[in-house]
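Peer 1: With the sequence up front, the predicted model follows.
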Amino acid sequence: MLKVSNYFILKSMSIKKFHNAVFIIVCTFILSIYSACNNPDSIPATVTFTEHVAPILYNNCTICHRQGGNAHFALITYEDARKNAGSTAYVVKEKLMPPWPADPHYTEFAGQRILSDHDIKVIQKWYAEGAPEGPKDKLPALPKYPVGSLIGTPDMSIPVQPFFLKANSSDRFLLVKVPFELPSDTFACLLEFMPGYKNMVHHVNGDLVKYEFNKKTNVFADERVVDMVLDTASIVQAFKRLGLPNDDGTYPVLQKSVVNYLPGAMGQRYPEGIGGYFLPRKGVFLLNDLHYGFTSKDDILDSSYINIFFSKGPPKRPMQEFQMGTLSSFGNAPVLPDMIIYPNTVKPVYTRYKVPEDISILTVNPHMHLLGKSFKAYAVAPEGDTIKLISIPRWDFSWQYFYTFKKMVKIPKGSIIIAEGIYDNTKQNLNNPFSPPQLVHDNDGSMKATDEMFQFIVSYLPYQAGDENISLETH
């Protein structure tokens, strides 16, 4: 409708000018309506579950929030979503869910799940308007999820020795043997640890024991589990009880860090020929740190397992790794000034490492415990340029990913990689395990949640021309 003031202006115009003005106004109105209807960033006048909310949940949330997922409840059906509409609206507004601690404005990674501001507003409006269902025939098809894996269908699954957890208020650390025997020597592109009972396994550091076929008669004999908290066995005694030595008492080859797990972490497949592992006909996955957290429940049965994804041949470019900070892999990247965190203090720390050759970084893994407040890592090239690696402004102990870049990141020889962290040992830190706050330190590399760690683990390749153009996103 034309405003009254416009009428007097138009009255003085010629009939032709009047028609042109009306035409322009009508076209502008039609275009605005068309734009509102076709702009994907516009918020619908009425938001419904089937038309607007379900697509967001299915694309970002139901990978965990489903039967067989890691979350405590499902968000598959309308009734699922309606019951949890208030909490969902809150956690997406606060950007607590989907859980992705890394700042996407600092660095973007492959597979990141981050809701746009538009999607957050859609969910909030849906909740504010009473969470209507919408037309049932508009509900999109549920994505197909792999069974028993987060990334695909494995070629082989090996069960970890089932373990009954008793109610406890302290960490449990197990040394676990997972033996296997294959028809022949082969190769794997990926090894995936899948935790059993929800949220009980906090982390796993797993190695691979490689036997020469004729030197070990039976990899399945002897004990499977040694409790490193309740048992007084030394590490050598534990290895013997697990039957790890060869039949003649010598030790086989041990390949470090082949199957690892942290909360929320998903196995990463790299392009063909990059990374991967040689699997001998006889071998053992040695979970040298199977860490269970606290639980108030009794007799919980954890039945975890390891998935194997075979590859066509040996890796052309085996992936390498170094570790900065606590338990530094080369000893010259310690935590500075130290890992002694006094009560009622907020303490910054850092670690740095000079890169001896051109490298291509694929994946990084920052690590802190309950007092962690923030984490940032970057490289300073010899020319002075800053290469951003990762920033986590609000550290969350519950979600610690292996972050894979969308493309490899070249770090030139002579660059300084720097990781910076801040620890909050005050009562304002709601994750502080002690009340009142107590002195906390690294305790010689202890992995207890109540001790502290500061680590930055980098997976890389020696640089080759063109690495920075290779996509790591979907393989």
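Peer 2: Ah, there it is. Residues are numbered from 1 along each chain as shown.
Peer 1: Pop out the phi and psi values for Q428.
Peer 2: When read as degrees, to the nearest 10, the backbone of Q428 gives phi -70, psi -20.
Peer 1: next helix or strand past the helix or strand where H118 lies?
Peer 2: For H118, the enclosing helix or strand under DSSP states H and E is helix 117-128. Using DSSP H and E, the helix or strand that follows helix 117-128 towards the C-terminus is strand 156-159.
Peer 1: Check the offset of that next one from the chain's centre.
Peer 2: Remark: strand 156-159 is offset 22 Å from the chain centroid, using CA atoms, centre = their mean, to the nearest Å.
Peer 1: Parallel or antiparallel, list what pairs with the next helix or strand after that strand.
Peer 2: Of the helices and strands lying after strand 156-159 in sequence (DSSP H and E), the nearest is strand 163-165. Strand 163-165 pairs in its sheet with strand 300-302 (antiparallel), by DSSP bridges.
Peer 1: Give me the contact list for the partner strand.
Peer 2: Where contact means CB atoms under 8 Å, 6 or more residues apart in numbering, the residues beyond strand 300-302 that reach it are P162, F163, F164, L165, P195, G196, Y197, M200, V201, Y292. All C-beta spots, glycine's among them, are computed from the backbone N, C-alpha and C.
Peer 1: swap the cut-off to 6 Å and go again
Peer 2: By CB atoms under 6 Å, 6 or more residues apart in numbering, the residues outside strand 300-302 that reach it are P162, F163, F164, L165, G196, Y197, M200.
Peer 1: gap between the residue lying closest to E473 once chain neighbours are set aside and L287?
Peer 2: Excluding the flanking residues, the one nearest E473 by CB to CB, 6 or more residues apart in numbering is A110, at 4.4 Å. Distance from A110 to L287, counting by CB to CB, to the nearest Å: 26 Å.
Peer 1: out of the two, which sits in the busier spot?
Peer 2: L287 (26 against 17; other CB atoms under 10 Å).
Peer 1: so how many other residues sit close to V253?
Peer 2: Neighbours around V253, by other CB under 10 Å: 12.
Peer 1: who touches it in this structure?
Peer 2: Residues near V253 by CB under 6 Å, 6+ apart: K210.
Peer 1: What segments of the stretch 151-300 of the chain are strands?
Peer 2: 156-159, 163-165, 172-181, 186-194, 201-211, 225-227, 253-261, 277-279, 282-292, 300-302 (DSSP state E, counting those that start in this stretch).
Peer 1: Pull out the buried residues from the third one.
Peer 2: Using 16 or more other CB atoms under 10 Å as the burial criterion, the residues of strand 172-181 that qualify are R172, F173, L174, L175, V176, K177, V178, P179, F180.
Peer 1: Number of residues surrounding the residue lying closest to E357 once chain neighbours are set aside?
Peer 2: Excluding the flanking residues, the one nearest E357 by CB to CB, 6+ apart is K413, at 5.2 Å. Residues lying near K413 (other CB under 10 Å) number 13.
Peer 1: can you check F310 too?
Peer 2: By other CB under 10 Å, 15 other residues sit near F310.
Peer 1: rewinding a little: of all the strands of the stretch 151-300 of the chain, which one comes closest to I470?
Peer 2: Checking the strands of the stretch 151-300 of the chain against I470 by CB to CB gives strand 186-194 as the closest, at 15.5 Å.
Peer 1: How about residues contacting that closest one?
Peer 2: With contact meaning CB under 6 Å, 6+ apart, strand 186-194 is reached by 204, 258-259, 261, 267, 269, 276-279, 305-311, 314.
Peer 1: Please apply the same query to stretch 303-315.
Peer 2: 149, 154-160, 162, 187-190, 192-196, 259, 275-276, 285.
Peer 1: CA atoms only: put stretch 394-412 into PDB for me.
Peer 2: What follows is stretch 394-412, C-alpha atoms only, in PDB (Å, rounded to 0.1, in the frame of the first residue of the first chain):
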ATOM      1  CA  ARG A 394      37.500 -22.200  26.200                       C
ATOM      2  CA  TRP A 395      39.200 -25.400  27.100                       C
ATOM      3  CA  ASP A 396      36.900 -28.400  27.600                       C
ATOM      4  CA  PHE A 397      38.400 -31.500  29.200                       C
ATOM      5  CA  SER A 398      35.400 -33.600  28.000                       C
ATOM      6  CA  TRP A 399      36.200 -33.000  24.300                       C
ATOM      7  CA  GLN A 400      39.800 -33.500  23.100                       C
ATOM      8  CA  TYR A 401      40.000 -34.100  19.400                       C
ATOM      9  CA  PHE A 402      42.700 -35.000  16.900                       C
ATOM     10  CA  TYR A 403      42.300 -32.000  14.600                       C
ATOM     11  CA  THR A 404      43.000 -32.600  10.900                       C
ATOM     12  CA  PHE A 405      43.500 -29.700   8.600                       C
ATOM     13  CA  LYS A 406      41.500 -29.300   5.400                       C
ATOM     14  CA  LYS A 407      44.800 -29.300   3.500                       C
ATOM     15  CA  MET A 408      48.300 -30.000   4.700                       C
ATOM     16  CA  VAL A 409      50.000 -27.000   6.400                       C
ATOM     17  CA  LYS A 410      53.600 -26.400   5.300                       C
ATOM     18  CA  ILE A 411      56.000 -25.300   8.100                       C
ATOM     19  CA  PRO A 412      59.300 -24.100   6.700                       C
END
